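Novice: Dropping a prediction and its sequence here:
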Amino acid sequence: MALKITVIGTGYLGATHAAAMAELGFEVLGLDVVPEKIEMLAAGKVPMYEPGLEELLAKHVAGIEGSSGRLRFTTSWEEIGEFGDVHFVCVNTPQKHGEYACDMSYVDRAFASLAPQLKRPALVVGKSTVPVGSAARLAGLLAELAPVGADAELAWNPEFLREGFAVQDTLHPDRIVVGVQSERSEKLLREVYATPVGEGSPFVVMDFPTSELVKTSANSFLATKISFINAMAEVCEAADGDVVKLAEAIGYDERIGSKFLRAGIGFGGGCLPKDIRAFMARAGELGADQALTFLREVDSINMRRRGHMVELARDAVGGDSFLGKRVAVLGATFKPDSDDVRDSPALNVAGQIHLQGGQVTVYDPKGMENARRLFPTLGYAESALDAVRGADVVLHLTEWREFRELDVAALGEVATSRIVLDGRNALDSVKWREAGWTYRAMGRPKA
Ligand code: UDX
């Protein structure tokens with residue numbers, strides 16, 4: 001009999017995981033505590049923008065014409081307990097208010113609700129990004145609260161998906177990491193992931209703490225790589241060098257690699273910023289804070305980028321202040337192909353300029369609704385052209401393909417001043433300059 005799988009928490013991670021598990025052939029039941037989310041998903045609609053996810057859901061959600069019917073949703077914990085052989089916990093662990101540590105309350109509540117429903121043998125698999133030591137604690141909680149006792153086991157299986165590539169990353173992971181305490185857990189997880197493992201994804205087995213650390217150290221490494229190149233951008237600016245050329249040249253060294261060396265306004269989103277902070281906080285609790293003090297620098301280099309972009313924009317509009325100046329902002333999401341504006345460097349810059357008296361108009365292909373909710377006082381336009389109309393400076397802050405394909409001559413016709421600042425080093429400088437624009441980017445020579 002094929003395993004029956006439940007997925008608890010249906011955000012970016014959970015909704016994608018649930019659809020992917022159905023795609024792999026399993027019967028899947030997803031749960032969320034927000035009934036509106038469940039209603040949407042049950043109708044095959046995705047509560048966020050993630051390329052390919054809606055199609056995958058439509059392919060499997062029960063009740064949709066032509067679907068496999070393998071994927072259903074519920075808000076009932078009892079139903080989850082009765083249904084599942086393997087339960088994936090995919091709830092989020094945001095940064096705590098006013099602290100570096102991560103907020104474990106969603107994870108804790110999920111386990112507290114699930115455990116009493118485990119009346120038959122089951123494997124609970126944590127996927128959320130958690131402070132090291134959490135899995136051991138949660139295993140204890142399961143043992144205490146599950147009616148089935150030791151037959152309710154825990155495993156930890158961190159998720160490395162990137163927003164914008166969530167479906168691809170989930171179906172074809174570059175590695176599968178599992179923290180287990182028994183052969184039975186390992187065997188069950190090998191069964192769950194038989195397809196990707198068969199296709200060549202490495203399956204790496206380890207203990208609980210190492211599996212928790214893999215995730216936070218991977219994200220710390222990525223954040224460090226971005227801040228490294230942004231630090232080089234600062235030096236390039238001081239020395240009249242070109243960070244884009246520098247990144248290309250060092251990237252050819254296979255030991256360094258060219259990915260994650262794009263200098264600009266830095267990283268944001270729901271993961272990297274809060275994960276490095278939570279990692280520092282946890283290391284402090286463990287008495288290993290010295291090991292991670294460099295992450296403080298990684299964080300501050302990153303945050304400095306946003307301020308630097310604001311300064312460049314102020315310079316571009318005359319140098320004194322933003323009062324009476326119109327600023328067009330292209331991009332609101334923390335990265336392209338996503339509607340996520342959590343800790344978005346683009347919105348942060350837009351917000352700072354607005355607070356300093358600038359008249360900011362934002363346009364983003366997918367993030368407008370979320371941006372409006374977070375920053376209702378900013379101006380919003382329906383298109384890049386409308387945002388640029390009358391602008392004294394144009395800021396390119398999220399590298400959507402749409403912005404690389406803009407008719408820059410037409411934009412030049414409606415802008416008050418033809419000055420574009422590329423906060424992502426992603427526009428074609430030659431094209432903009434040929435159309436009469438002054439093009440400036442971070443870490444690159446002025447001319
Ligand atoms: C990240 C990890 O990549 C993923 O493995 C983990 O599971 C979750 O966190 P994600 O938050 O989706 O994924 O975004 P990612 O693609 O890593 O980008 C993070 C931020 O870094 C974005 O704001 C992006 O614009 C920025 N970035 C990325 C750069 O500034 N320069 C780069 O070279 C690469």
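Specialist: That came in fine, so what should we check first?
Novice: all contacts plus neighbour counts: C-alpha atoms, from now on.
Specialist: OK.
Novice: for the ligand, what are the nearby residues on the stretch 151-300 of the chain?
Specialist: Applying Cα under 6 Å from any ligand atom, we find that the stretch 151-300 of the chain lies next to the ligand at 159-163, 219, 226, 260-264, 266-272.
Novice: Now, those that are in helices?
Specialist: N219, I226, L272 (DSSP state H).
Novice: tell me the contacts of the residue nearest to the last one when sequence neighbours are not counted?
Specialist: So the one you mean is L272. The shortest distance from L272 to any non-neighbouring residue, by Cα to Cα, 6 or more residues apart in numbering, is to N219 (5.9 Å). Counting by Cα atoms under 8 Å, 6 or more residues apart in numbering, N219 touches C271, L272, D275, I276.
Novice: I'd guess the last one is in a helix, am I close?
Specialist: Okay, so that is I276. Yes - the assignment for I276 (DSSP: H, G, I helix; E, B strand; the rest coil) places it in a helix.
Novice: what about it, how many residues close to it?
Specialist: 26 (other Cα atoms under 10 Å).
Novice: That one touches K215, doesn't it?
Specialist: No - counting by Cα atoms under 8 Å, I276 does not reach K215; the two are 10.5 Å apart.
Novice: State the distance from I229 to L29.
Specialist: 43 Å (Cα to Cα, to the nearest Å).
Novice: now swap in I301 and tell me
Specialist: Taking Cα to Cα, one finds I301 at 43 Å from L29.
Novice: between those two, who's got more neighbours?
Specialist: L29 (26 against 21).
Novice: Wait, a strand at that one?
Specialist: Yes - counting by three-state DSSP, L29 is located in a strand.
Novice: who's it bridged to?
Specialist: Per DSSP bridges, the residues bridged to L29 are T6, R72.
Novice: returning to what we had before: could you dump the ones in helices among the residues of the stretch 151-300 of the chain next to the ligand to CSV with pLDDT and distance to M309?
Specialist: As requested, those are exported to CSV (pLDDT from 0 to 100; distance: Cα to Cα, whole Å):
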residue, pLDDT, distance to M309
N219, 98, 24
I226, 98, 16
L272, 97, 20
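Novice: quick one: the helix or strand that R372 is a member of to chain centroid distance?
Specialist: Per DSSP states H and E, R372 falls inside helix 368-374. In this view, helix 368-374 has its centroid 17 Å away from the chain centroid, taken as Cα atoms, centre = their mean, to the nearest Å.
Novice: Tell me the helix or strand right after that helix.
Specialist: Next along the chain from helix 368-374, counting by DSSP H and E, comes strand 379-380.
Novice: Work out the gap between that next one and the centre of the chain.
Specialist: For strand 379-380, the distance to the chain centre is 24 Å (Cα atoms, centre = their mean).
Novice: Determine the set of other helices and strands touching that strand.
Specialist: strand 359-363 (3 or more Cα pairs under 8 Å, 6 or more residues apart in numbering; DSSP states H and E).
Novice: Can you list the buried residues in the strand it packs on?
Specialist: Buried residues in strand 359-363, counted by 16 or more other Cα atoms under 10 Å: Q359, V360, T361, V362, Y363.
Novice: out of these, who's nearest V205?
Specialist: Of all these, V205 sits closest to Y363, with 45.0 Å by Cα to Cα.
Novice: my guess is T216 contacts R277, does it?
Specialist: No - in this structure T216 lies outside contact range of R277 using Cα under 8 Å: 9.9 Å.
Novice: Tell me the bridge partners for the closest residue to E153 other than its chain neighbours.
Specialist: Using Cα to Cα, 6+ apart and skipping residues adjacent in sequence, the residue nearest E153 is L123, 4.9 Å away. When bridges are called by DSSP bridges, L123 pairs up with V86, E153.
Novice: if I pick L123, what's in contact with it?
Specialist: By Cα under 8 Å, 6+ apart, the contact list for L123 reads D85, V86, H87, A152, E153, L154, A155, S185, L188.
Novice: Look up how far F165 lies from it.
Specialist: Note on L123: its distance to F165, by Cα to Cα, is 27 Å.
Novice: Kindly report the same for P47.
Specialist: P47 sits at a distance of 16 Å from F165 (criterion: Cα to Cα).
Novice: How much space separates R262 from A247?
Specialist: 7 Å.
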